[in-house]
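Enquirer: Structural data only, the sequence is not supplied:
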Ligand SMILES: Nc1ccn([C@@H]2O[C@H](COP(=O)(O)OP(=O)(O)OP(=O)(O)O)[C@@H](O)[C@H]2O)c(=O)n1
Ligand SMILES: O=P(O)(O)OC[C@@H](O)[C@@H](O)[C@@H](O)CO
C-alpha cells in the first residue's frame with residue numbers, strides 16, 4: 001500500500017545462523033523470483049549467476065528460508081465503529097476494507113497461504129469479496145467469539161494435526177488484523193526474520209497518550225512513563241509451533257479477555273518476542289474517523305503513485321497507440337476530444353479500459369475534455385451532444401470507471417483562454433484527487 005514501489009525479493013539463502021539475508025533490488029513482479037517457496041508452490045529458482053547460485057545450493061542443502069503463512073482475524077462486529085456493517089466490510093472507494101488488507105498481503109510473494117477467520121453469517125460476503133476482487137490463496141475458517149479464539153481457529157487450519165487440514169503447516173506464521181490495510185512488505189519481512197530467530201516478533205509504535213491505571217474509586221492509581229512504553233501493533237510473527245502451543249495451553253480466561261498474542265507466547269511458551277519499530281501507517285481501523293483517514297490515504301495514493309495519462313485524437317492515430325497508453329497500471333485518464341464527433345476518443349479509451357480489468361481493484365477516473373468554440377458549433381447543438389455523457393457514465397460506472405466531462409470555454413482572447421485552461425486544470429486535479437462517485441456523468445465547465 002503506498003510506500004516505495006520497490007519490492008523485496010527473498011533472493012538468497014539462509015545464512016549459517018538461520019537468519020535470512022535479504023538482497024533488496026528493484027522489484028520483480030513475478031513470484032517466480034522469490035527465493036522462498038512462493039504461492040506457485042515451487043521454490044523461487046531464478047538464481048542469479050555466481051554467488052547466489054552457490055548460496056541457493058547451500059540453502060537447498062537444508063538451511064531453507066522459512067515457509068510463511070498469514071492469519072487474518074476478521075470475525076469482529078466493529079462495535080466502536082458504530083455502524084451496522086462490521087468495519088472490515090465497510091467500503092472505502094466502494095470496496096470493502098478487508099480487500100485492501102488482502103491485497104497488501106497478496107503482493108508479498110513469499111506468503112504462501114492466507115487464512116481469514118470470519119463469522120458464519122459473513123462467510124458468503126467474504127467469498128463474494130474474494131471472487132469479485134480476484135483474491136488468491138485465501139482460505140476461510142469460522143471465527144470465534146473473541147479475537148483470540150478466531151486466531152486459534154485459523155491456526156488449527158494450518159496445523160497438520162487437524163482432520164482434513166488442506167494447508168501445509170508453515171514454519172513461521174504472520175498474524176495481522178484484517179482492519180490494518182496499510183502494511184508493507186518491509187515490516188512483514190522484519191517480523192518474520194525476527195520470529196525465525198527469537199520465536200516471536202511484533203511491530204510497536206510510540207504511545208500517543210500516556211497510559212494510566214484507575215483505582216476502584218475512579219481516581220488515578222498510577223501512570224506509566226510514556227517514554228518507556230510502546231503500543232503493540234500488527235503485524236506479528238511467530239514460529240508456528242510456538243504460537244500454536246501457546247494457544248493450545250491458553251486458559252479460557254485469556255482466550256476470552258486477552259488482546260495480545262505476544263503475551264501468550266511469553267506466558268505459555270516462555271518466548272520473549274523481538275519488538276520491531278513499525279511505521280505510522282500500521283494503525284488499526286477502529287472508529288469512524290479511521291475510515292475517513294484510510295480513504296484519504298488511498299485517494300492520495302492515486303495522485304502520487306499513479307500518474308495521469310492524457311490521450312487525444314491528435315496523439316492516438318490508432319488503437320495501438322491507445323493500448324500503449326493503458327499498458328501500465330494507471331488510474332487517471334484525461335481524454336482531450338479534438339475530433340468533431342464528441343465522444344469518439346473517449347469511447348475508444350473506455351472500451352480499452354473495460355477490457356483491461358484495471359478497474360477491478362481501484363476506481364479509474366476518466367475525464368472527457370471538450371472545447372467550446374461557439375464560432376464553429378452552435379452552443380445548443382454542442383450541449384445536446386455533450387449530455388450523452390450521462391448515459392455513457394452510467395454504463396461504465398458498473399465497471400468502476402468514474403467518467404466526468406469537462407467543457408473548456410475557448411474564447412478568441414488569449415488571456416481568457418489561459419484562465420479557462422487554468423480553471424480546467426484545477427477541476428481535473430480535484431476530480432482525480434476526490435474520485436467522488438457523486439460527480440460521475442457531470443459536465444463541468446471551466
Ligand atoms: N471475535 C473476534 C473479534 C475481533 N476479530 C478481529 O480482530 C481484529 C482486531 O480487533 P478489533 O479492532 O477489536 O475488532 P472488533 O472486535 O470488530 O472491534 P470492536 O472491539 O470495536 O467491536 C479485527 O480485524 C476483528 O475483525 C476477530 O477476528 N474475531
Ligand atoms: O484489542 P482489540 O481487539 O481492539 O484489537 C487487537 C489489538 O489489541 C491488537 O491488534 C494489538 O494490540 C496487537 O496485539
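Expert: Now that the structure is in, tell me what you want to look at. Just so we're clear, the structure is a prediction, and the values are computed from it rather than from any experiment. Ligands and ions are numbered 1, 2, ... in the order given.
Enquirer: in the chain, which helix or strand is least confident?
Expert: strand 23-24 (a mean of 28; mean pLDDT, DSSP states H and E).
Enquirer: Look at residue 422 and say how many residues are nearby.
Expert: For residue 422, the neighbour count with other CB atoms under 10 Å is 11. From N, CA and C alone the C-beta is placed, and that goes for glycine too.
Enquirer: Which secondary structure element is home to it?
Expert: For residue 422, the enclosing helix or strand under DSSP states H and E is helix 414-434.
Enquirer: Which secondary structure elements does that helix sit against?
Expert: In terms of contacts (3 or more CB pairs under 8 Å, 6 or more residues apart in numbering; DSSP states H and E), helix 414-434 is packed against helix 288-305, strand 364-372, strand 401-409.
Enquirer: The residue of the stretch 151-300 of the chain found nearest ligand 2 sits in which helix or strand?
Expert: Per CB to the nearest ligand atom, residue 259 is where the stretch 151-300 of the chain lies closest to ligand 2, at 3.6 Å. Take DSSP H and E as the rule and residue 259 turns out to sit in neither a helix nor a strand.
Enquirer: so what's it closest to, chain neighbours aside?
Expert: residue 147 (6.8 Å; CB to CB, 6 or more residues apart in numbering).
Enquirer: and if you look at residue 272?
Expert: residue 266 (6.1 Å).
Enquirer: what sits against the residue of the stretch 1-150 of the chain found nearest ligand 1?
Expert: Among all residues of the stretch 1-150 of the chain, residue 76 sits closest to ligand 1, at 2.0 Å; criterion: CB to the nearest ligand atom. The contact partners of residue 76, taken as CB atoms under 8 Å, 6 or more residues apart in numbering, are 86-88, 143, 147, 150, 179.
Enquirer: Also residue 135?
Expert: 99, 102-103, 106, 129.
Enquirer: On the three-state scheme, it is what?
Expert: Put simply, residue 135 is coil when judged by DSSP: H, G, I helix; E, B strand; the rest coil.
Enquirer: For it, grab phi and psi.
Expert: phi -70, psi 150 (degrees, to the nearest 10).
Enquirer: quick one: what helix or strand has the residue nearest to residue 335 when sequence neighbours are not counted in it?
Expert: On the basis of CB to CB, 6+ apart, the spatially nearest residue to residue 335 that is not a chain neighbour turns out to be residue 346, at 4.6 Å. Here residue 346 sits within helix 344-356, counting by DSSP H and E.
Enquirer: What helices and strands are in contact with that helix?
Expert: strand 308-312, helix 319-325, strand 332-336, strand 364-372, helix 389-397, strand 401-409.
Enquirer: which SS state does the residue of the chain positioned farthest from its centre fall under?
Expert: Within the chain, residue 375 marks the point farthest from the mean C-alpha position, 49.3 Å out by CA atoms, centre = their mean. On the three-state scheme (three-state DSSP), residue 375 is labelled coil.
Enquirer: Could you pull up the residues touching it?
Expert: Contacts of residue 375 were listed using CB under 8 Å, 6+ apart, and they are residue 412.
Enquirer: who in the stretch 201-350 of the chain is up against ligand 1?
Expert: Proximity of the stretch 201-350 of the chain to ligand 1 (CB under 6 Å from any ligand atom) is limited to residues 284, 286.
Enquirer: low pLDDT regions in the stretch 201-350 of the chain?
Expert: 302-329, 339-341 (pLDDT under 70).
Enquirer: now with 50?
Expert: Across the stretch 201-350 of the chain, residues meeting the criterion (pLDDT under 50) sit at 304-306, 314-317.
Enquirer: Show me what from it comes close to ligand 2.
Expert: Residues of the stretch 201-350 of the chain found near ligand 2 (CB under 6 Å from any ligand atom) are 232-234, 259-261, 284.
Enquirer: try 5 Å
Expert: Contact residues (CB under 5 Å from any ligand atom) of the stretch 201-350 of the chain with ligand 2: 232, 234, 259-260.
Enquirer: What ranges does the stretch 101-250 of the chain have for its strands?
Expert: Along the stretch 101-250 of the chain, the stretches classed as strands by DSSP state E, counting those that start in this stretch are 111-118, 138-142, 172-175, 200-206, 212-214, 220-223, 230-239.
Enquirer: ok, which stretches of the stretch 51-200 of the chain are helices?
Expert: For the stretch 51-200 of the chain, helices defined by DSSP state H, counting those that start in this stretch occupy the ranges 51-60, 97-106, 123-132, 147-158, 185-198.
Enquirer: Is it possible to get CSV of these that adds distance to residue 204 and mean pLDDT?
Expert: Listed next are these as CSV, based on distance: least, CB to CB, whole Å; pLDDT from 0 to 100:
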stretch, distance to residue 204, mean pLDDT
helix 51-60, 31, 46
helix 97-106, 19, 97
helix 123-132, 30, 98
helix 147-158, 18, 97
helix 185-198, 11, 97
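Enquirer: Nearest to residue 243, out of those helices?
Expert: helix 147-158 (6.6 Å; CB to CB).
Enquirer: and the closest one with strand 230-239, angle?
Expert: Comparing the axes of helix 147-158 and strand 230-239 via axes from the mean of the first three to the mean of the last three CA atoms, to 10 degrees yields an angle of 20 degrees.
Enquirer: Give me the helices and strands touching helix 147-158, please.
Expert: Secondary elements touching helix 147-158 (3+ CB pairs under 8 Å, 6+ apart): strand 68-73, strand 111-118, strand 138-142, strand 172-175, helix 240-249, helix 252-257, helix 261-269.
Enquirer: Nice, that's everything, thank you.
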